[in-house]
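Asks: Provided below are the primary sequence and the corresponding predicted coordinates.
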Amino acid sequence: MSDDVPAREPDEVVADEAPVDEAVEAAEQAVTTDLDQLARERDEYRELAQRIQADFENYKKRILKQQTEHLERAAEALVDKLLPVLDTFDLARAHGEGLDQVHTTLLEVLAKEGLERIDPVGEKFDPNEHDAVAHEEGDGDAAVCEVLRAGYRWKGRVLRPAMVKVRG
């Protein structure tokens with residue numbers, strides 16, 4: 001029986017395995033290349049998702065800030081409309097004390113909302129906070145000697161400058 005089976009040469013076996021090894025190696029390289037490409041794409045999509053998420057967070061912050069500013073401007077407009085009422089109270093107080101409590105209460109309510117009265121008597125003249133409508137001769141730097149109409153700040157910003165008489 002052993003005579004019937006031809007013996008294989010060792011070179012023939014190696015020659016048959018070489019194309020298989022090359023095919024396996026090529027397939028492994030293709031899979032590795034595909035995996036690398038997929039990993040790059042995954043990283044790109046992850047980075048894109050993170051950028052979109054950051055953009056959305058910035059958008060939410062920007063919208064919240066705009067809404068807050070809008071509400072502050074609306075409140076500022078209301079306070080600005082109430083200033084003539086305060087002026088009328090100031091004039092009425094000079095003629096009687098019956099309105100003092102109403103005036104004080106109104107000022108307290110507005111102060112809680114951010115209104116601050118500018119009362120610059122004796123202070124150095126500041127054109128950002130004072131509107132000089134009269135001048136009196138005097139020595140030294142220009143200083144406010146009389147307030148003709150009160151000025152107001154709304155949350156740190158000058159809403160209306162004080163109408164003043166300046167000496168100096």
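Replies: Great, that's in hand. Residues are numbered from 1 along each chain as shown.

Asks: rest of the way, CA atoms for contacts and neighbours
Replies: Fine.

Asks: Surely Gly122 is within a strand?
Replies: No: counting by DSSP: H, G, I helix; E, B strand; the rest coil, Gly122 is not part of a strand but coil.

Asks: Lys165: what's it in contact with?
Replies: Contact analysis of Lys165 by CA atoms under 8 Å, 6 or more residues apart in numbering lists 132-136, 144-148.

Asks: Sheet-wise, list the partners of the helix or strand hosting it with their directions.
Replies: When elements are assigned from DSSP states H and E, Lys165 belongs to strand 162-167. Here strand 162-167 has these sheet partners by DSSP bridges: strand 130-136 (parallel), strand 143-149 (antiparallel).

Asks: Let's verify the residue minimising distance to the centre of the chain: helix, strand, or coil?
Replies: The chain has Lys65 as the residue nearest its centroid, 5.0 Å off, counting by CA atoms, centre = their mean. With three-state DSSP as the basis, Lys65 sits in helix.

Asks: picking up where we left off before, deepest of the strands paired with strand 162-167, which one?
Replies: Among the strands paired with strand 162-167, strand 143-149 has the highest mean neighbour count (mean count of other CA atoms under 10 Å), at a mean of 19.

Asks: What separation do you get for Val147 and Leu64?
Replies: Separation of Val147 from Leu64 (CA to CA, to the nearest Å) stands at 39 Å.

Asks: Equivalent analysis for Trp154, please.
Replies: Separation of Trp154 from Leu64 (CA to CA) stands at 21 Å.

Asks: Between those two, tell me which one has more neighbours.
Replies: Trp154 (21 against 12; other CA atoms under 10 Å).

Asks: and the more buried one, what are its bridge partners?
Replies: Under DSSP bridges, the beta-bridge partners of Trp154 are Leu115, Arg157.
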